[in-house]
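In: no sequence on hand, only this structure:
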């Protein structure tokens with residue numbers, strides 16, 4: 001949406017607002033982790049690269065994001081090739097250290113100019129995590145800037161449930177390095193003139209230490225940030241007009257599966273059967289590891305263990321409205337993915353609706369035959385201040 005010009009304090013017309021910035025974040029599930037021993041509820045064939053990656057590229061492109069933050073991306077050449085025709089290019093990427101195959105990255109649309117990028121390595125003491133950031137600006141049809149420059153930062157924090165101290169140190173290092181980069185790129189008043197988005201898989205529950213740190217801000221780091229999806233529980237626009245709601249992605253994947261000769265009714269639970277004994281040496285999500293396993297299909301239809309929900313501290317400031325979950329696997333569900341944004345020069349316009357637990361469990365859990373990751377993508381539209389002359 002673009003607003004009509006208004007008058008500034010001196011009676012001069014302000015520049016019109018550009019269409020909102022659309023930011024998405026998505027932990028895409030590294031192909032090296034798409035293994036039957038990690039996700040026993042999924043048919044082995046649905047974890048293969050040939051089946052899963054086309055679904056993944058389609059999901060990444062479906063939301064029309066201006067900026068797409070990705071975590072656990074390990075098939076970078078394939079991703080660039082698949083997303084380039086959709087108007088998305090890779091602006092920044094950093095692979096994890098210590099031999100890990102996946103990393104984090106930022107894709108941007110043709111509507112976005114890249115003014116600068118940076119990367120942060122957390123080092124062995126902090127489990128070799130990484131983060132990337134970029135200073136960006138929205139462009140109009142003529143190529144002229146239509147928004148003030150803004151920053152987007154993404155990371156994938158350490159996963160262990162009892163490692164809040166490590167996660168906090170990782171994110172603290174990320175925000176302080178990003179602050180130093182923005183000071184160099186935007187000058188000493190960067191906090192006043194640079195909207196900021198920090199999005200990714202933070203592996204922290206609502207109200208947890210990392211959540212509180214970002215909400216409170218840091219004099220040596222970033223200003224206080226707001227979680228966009230903390231307003232999800234309000235009466236708030238949650239459908240991006242041309243996308244509809246969560247049914248779009250699930251239905252598109254189901255239609256593709258049916259076209260392949262494997263119909264799947266999204267609204268009928270898969271049958272539950274007795275789980276056969278696990279075959280020794282099976283598992284692994286890559287094509288090379290997908291040896292014949294006569295029990296694999298039945299094992300994937302076995303009853304799931306009870307799912308434990310980890311809601312976090314919903315009484316913490318700003319955390320009450322967060323969605324019920326952003327990841328839902330066989331045994332664990334919680335909100336751990338976020339789109340944080342600054343309050344200055346950056347107004348939340350709309351959010352993408354997420355599927356309810358009833359829809360996810362119709363497909364047993366995540367990932368599934370119709371959804372390629374164990375995390376849901378989050379999408380937020382943010383109205384930025386216009387460019388100044």
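Out: In hand now; what should we look at? Bear in mind the structure is a predicted one, so any value in this text is a computation, not a measurement.
In: quick check on the nearest residue to residue 231 once chain neighbours are set aside: phi, psi?
Out: Beyond its immediate neighbours in the sequence, the residue positioned closest to residue 231 (C-beta to C-beta, 6 or more residues apart in numbering) is residue 321, lying 5.4 Å away. Heads up, the C-betas are built off the backbone N, CA and C, glycines and all. Summarising the backbone geometry of residue 321 under the convention degrees, to the nearest 10, its torsions are phi -90, psi 0.
In: and the helices in this protein, which stretches?
Out: 49-62, 76-83, 164-186, 190-193, 209-216, 247-259, 296-300, 357-362 (DSSP state H).
In: format these as TSV; extra columns: distance to residue 152, mean pLDDT and mean neighbour count.
Out: Rendered in TSV, the data for those read as follows (distance: least, C-beta to C-beta, whole Å; pLDDT from 0 to 100; neighbours: other C-beta atoms under 10 Å):
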stretch	distance to residue 152	mean pLDDT	mean neighbour count
helix 49-62	16	93	19
helix 76-83	17	97	16
helix 164-186	10	96	19
helix 190-193	14	93	16
helix 209-216	14	95	19
helix 247-259	23	51	16
helix 296-300	37	50	19
helix 357-362	28	82	16
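In: let's have those helices in CSV, adding distance to residue 333.
Out: Conversion of those to CSV gives the following (distance: least, C-beta to C-beta, whole Å):
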stretch, distance to residue 333
helix 49-62, 19
helix 76-83, 27
helix 164-186, 19
helix 190-193, 36
helix 209-216, 17
helix 247-259, 17
helix 296-300, 19
helix 357-362, 7
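In: out of the ones you listed, flag the one nearest residue 105.
Out: Distances from residue 105 to each of those were compared by C-beta to C-beta, and the smallest falls on helix 76-83, at 7.4 Å.
In: can you list contacts of the closest one?
Out: Counting by C-beta atoms under 8 Å, 6 or more residues apart in numbering, the neighbours of helix 76-83 from elsewhere in the structure are 53-54, 57, 60-61, 70, 73, 89-90, 93, 103, 105, 107.
In: and stretch 184-195, by the same measure?
Out: By C-beta under 8 Å, 6+ apart, the list of residues contacting stretch 184-195 from outside reads 115-116, 135, 148-151, 179, 182-183, 223, 341-342, 344-346, 382, 384-385.
In: now do 10 Å
Out: Contacts of stretch 184-195 with the rest of the structure, by C-beta atoms under 10 Å, 6 or more residues apart in numbering, involve 21, 115-116, 118, 135, 147-152, 179, 181-183, 196, 217, 219, 222-223, 341-347, 382-385, 388.
In: filter those down to just the ones in strands.
Out: 21, 115-116, 118, 135, 150-152, 196, 341-342, 346-347, 382-384 (DSSP state E).
In: buried ones among those residues?
Out: Members of the ones in strands among the contacts of stretch 184-195 that pass the buried threshold by neighbour count (16 or more other C-beta atoms under 10 Å) are listed as 21, 116, 118, 135, 150-152, 196, 341-342, 346, 382-384.
In: check residue 10 and give its pLDDT.
Out: In this model, residue 10 is scored at 56, pLDDT.
In: again, but for the one 3 residues further on
Out: As summarised for this prediction, residue 13 has a pLDDT of 61.
In: what of residue 225?
Out: Confidence per residue is given as pLDDT, and for residue 225 that number is 96.
In: and it, how far from residue 120?
Out: Computed as C-beta to C-beta, to the nearest Å, the residue 225 to residue 120 distance reads 17 Å.
In: poorly predicted segments of this protein, please.
Out: Within the chain, the segments meeting pLDDT under 70 span 1-15, 235-319, 389.
In: run the last query once more with 80
Out: Across the chain, the stretches falling below the confidence threshold (pLDDT under 80) are 1-16, 98, 233-320, 331, 363, 389.
In: so what sits opposite the closest residue to residue 342 other than its chain neighbours in the bridge?
Out: If the residues on either side of it in the chain are set aside, residue 342 comes closest to residue 196, at 4.4 Å by C-beta to C-beta, 6+ apart. Applying DSSP bridges to residue 196 gives these bridge partners: residue 151.
In: quick one: contacts for residue 196?
Out: 133, 150-153, 175, 178-179, 182, 190, 222-223, 225, 340-346.
In: what does residue 375 give?
Out: If a contact means C-beta under 10 Å, 6+ apart, then residue 375 has 25-29, 71-72, 201, 325-329, 336-337, 366-367 as its contacts.
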